[in-house]
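Undergrad: Sharing a model that was predicted from the sequence below.
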Amino acid sequence: RRSADLSERLRLGIAVIHGEAQDAESDMVDGRHSPPTIKPVSSIHPTLELPMLIPKEKPPITVVGDVGGRIAIIVDDIIDDVASFLAAADTLKERGAYKIFVMATHGILSSDAPRLLEESAIDEVVVTNTIPHEIQKLQCPKIKTVDISMILSEAIRRIHNGESMSYLFRNIGVDD
């Protein structure tokens, strides 16, 4: 609902992507189980009985709204393993989006993420400089960086001095 409210205020159409790509094998390979793997109960205690833990299923990707002939912007807090971003971009491209941008606060971009992004339907990836990623930028020219060091330092200074943070939201422009 927040997305719809924001799109109305900006007078923009919006499509929302729910869920993520279903690829349980990749989760098993890189160790991100949900819930984590545990030893058999009998190896912990011979008479202890625990309920069986079943991994959560990931919902399939669903696009709500029309992206045909439009620019799509995928926003997230962290971009590390890019599989879900690539799947979302492919879905958006299939639905007719003509440009796809990804924006994330923290660009970890591990392993072969730069190569996968370079070969993908994503046109540009914008991340902040909260994490160094110069090597990744050399591997993928689609990665762009927004320097937020001045805003962070001003926020820290304001918090330390007990000053209002609302100034940052009202008075810091795109060029700052």
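TA: Nice, thanks for sending it over.
Undergrad: in the protein, which residue is closest to the centre?
TA: The centroid of the chain falls nearest to Asp76 when counting by Cα atoms, centre = their mean (3.1 Å).
Undergrad: Which strand or helix spans that residue?
TA: Assigned by DSSP states H and E, Asp76 falls within strand 71-79.
Undergrad: From the chain's centroid, how far away is the helix or strand following that strand?
TA: Once the chain leaves strand 71-79, the next helix or strand it forms, by DSSP H and E, is helix 83-94. A distance of 12 Å separates the centroid of the chain from that of helix 83-94, by Cα atoms, centre = their mean, to the nearest Å.
Undergrad: so where's this structure shaky on pLDDT?
TA: Residue ranges of the chain with pLDDT under 70: 1-3, 6, 10, 15, 18-56, 58, 174-176.
Undergrad: In it, mark out all the strands, start to finish.
TA: Using DSSP state E, the strands assigned to the chain run over residues 16-18, 62-64, 71-79, 99-107, 124-128, 143-146.
Undergrad: quick one: which of those strands is nearest Leu152?
TA: With Cβ to Cβ as the criterion, Leu152 lies closest to strand 124-128 of the strands of the chain, at 9.1 Å. Where C-beta positions appear, they are placed from N, C-alpha and C, glycine not excepted.
Undergrad: returning to that earlier point: how many other residues sit next to the closest residue to the residue nearest to the centre of the chain other than its chain neighbours?
TA: Residue nearest to Asp76 in three dimensions, not counting chain neighbours: Ala104, with 4.9 Å by Cβ to Cβ, 6 or more residues apart in numbering. Ala104: 20 surrounding residues under other Cβ atoms under 10 Å.
Undergrad: rewinding a little: out of the strands of the chain, the one nearest Arg115 is which?
TA: Among the strands of the chain, strand 143-146 comes nearest to Arg115, with 11.5 Å by Cβ to Cβ.
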